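Trainee: I'll drop the sequence and a predicted model, then ask my questions.
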Amino acid sequence: DGGITQSPKYLFRKEGQNVTLSCEQNLNHDAMYWYRQDPGQGLRLIYYSQIVNDFQKGDIAEGYSVSREKKESFPLTVTSAQKNPTAFYLCASSVGENNNNEQFFGPGTRLTVL
Amino acid sequence: KQEVTQIPAALSVPEGENLVLNCSFTDSAIYNLQWFRQDPGKGLTSLLLIQSSQREQTSGRLNASLDKSSGRSTLYIAASQPGDSATYLCAVRLYTGANSKLTFGKGITLSVRP
């Protein structure tokens, strides 16, 4: 059953802690993305990766870090430097930049800072 | 900078109505446009993708049109059903090469009353 999985579904963090959100895909997609969604806002791009061992900052990368050691995995770390981390985080993937670039999304992780 | 606008933010219709959801964008030099559906607390589901060279795409009761010159796209839903209740987002990708990314509207929350 192909798709994108994100874990956990809900995550609670104390102020000052780093947390890592998981994103895995078995679609054999080259490109992966992390977005943040806030109530009443459009999705905003945090980081994206077009290929293993390479990634670029999106529009709101400050306070976040990523790695892309495997094609299937693109974990996102929310660091203590992120001032307002409470949000819904969505991971997506696409075949690659040389195709129609249709993006497919995971189910999301809701992060709440206590 | 590309801006994507979806108005109104919310819409309520009785079951059975045909309806049109609007999306406008400021930079007409787009590569493609994608319509998504999002149920509460869930990820995004891709509905239709229209390449810049296309005028429309159809899937079941859904039809999406694209008018690049006027910076508009519409999503037509025929014979609406309560199960169509969700938030509908449009996103555009600029034709700016390998590092182009999706820019999202804030979405239209649709409620179809039985």
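Mentor: Perfect, I can see it now.

Trainee: Residue A:94 and residue A:103 touch, don't they?
Mentor: Yes. Contact status for residue A:94 versus residue A:103: in contact at 4.7 Å, counting by C-beta atoms under 8 Å. Every residue, glycine included, has its C-beta placed from N, CA and C.

Trainee: what residues do the two have in common as contacts?
Mentor: With contacts taken as C-beta atoms under 8 Å, 6 or more residues apart in numbering or on different chains, the residues that reach both residue A:94 and residue A:103 are residue A:33.

Trainee: Give me the three-state assignment for the closest residue to residue B:51 other than its chain neighbours.
Mentor: Residue nearest to residue B:51 in three dimensions, not counting chain neighbours: residue B:32, with 4.9 Å by C-beta to C-beta, 6 or more residues apart in numbering or on different chains. Assigned by DSSP: H, G, I helix; E, B strand; the rest coil, the conformation of residue B:32 is strand.

Trainee: residue ranges with poor pLDDT in the chain?
Mentor: Picking chain A for this. Filtered on pLDDT under 70, chain A yields the residue ranges A:1-2, A:97-100.

Trainee: actually chain B
Mentor: Within chain B, the stretches with pLDDT under 70 are B:95-100.

Trainee: now do 90
Mentor: Residues of chain B meeting the criterion pLDDT under 90: B:1-2, B:27-31, B:52, B:93-102.

Trainee: Near chain A, which residues of it are found?
Mentor: By the rule C-beta under 8 Å from any C-beta of the partner chain, the part of chain B lying against chain A is B:4, B:9, B:31-32, B:34, B:36, B:41-46, B:49, B:51, B:89, B:91, B:93, B:98-107.

Trainee: Give me the PyMOL select line for those, limited to the buried ones.
Mentor: A single PyMOL command selects the buried members of the residues of chain B next to chain A (16 or more other C-beta atoms under 10 Å in any protein chain shown):
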select buried, chain B and resi 4+31+32+34+36+42+43+44+49+89+91+93+100+101+102+103+104+105+106+107
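
Trainee: can you tell me the helix or strand for the residue nearest to residue A:23 when sequence neighbours are not counted?
Mentor: Closest residue to residue A:23 apart from its sequence neighbours, by C-beta to C-beta, 6+ apart: residue A:91 at 3.5 Å. Here residue A:91, judged by DSSP states H and E, is contained in strand A:87-94.

Trainee: Is the next helix or strand after that strand in proximity to chain B?
Mentor: Next along the chain after strand A:87-94, taking DSSP H and E as the criterion, comes strand A:104-105. Yes. For strand A:104-105, a contact with chain B is found by C-beta under 8 Å from any C-beta, at A:104, A:105.

Trainee: Could you list every helix and strand in contact with strand A:104-105?
Mentor: If you count contacts as 3 or more C-beta pairs under 8 Å, 6 or more residues apart in numbering or on different chains; DSSP states H and E, strand A:104-105 packs onto strand A:87-94, strand B:44-51.

Trainee: Quick one: distance of it to the chain centre.
Mentor: 11 Å (C-alpha atoms, centre = their mean, to the nearest Å).
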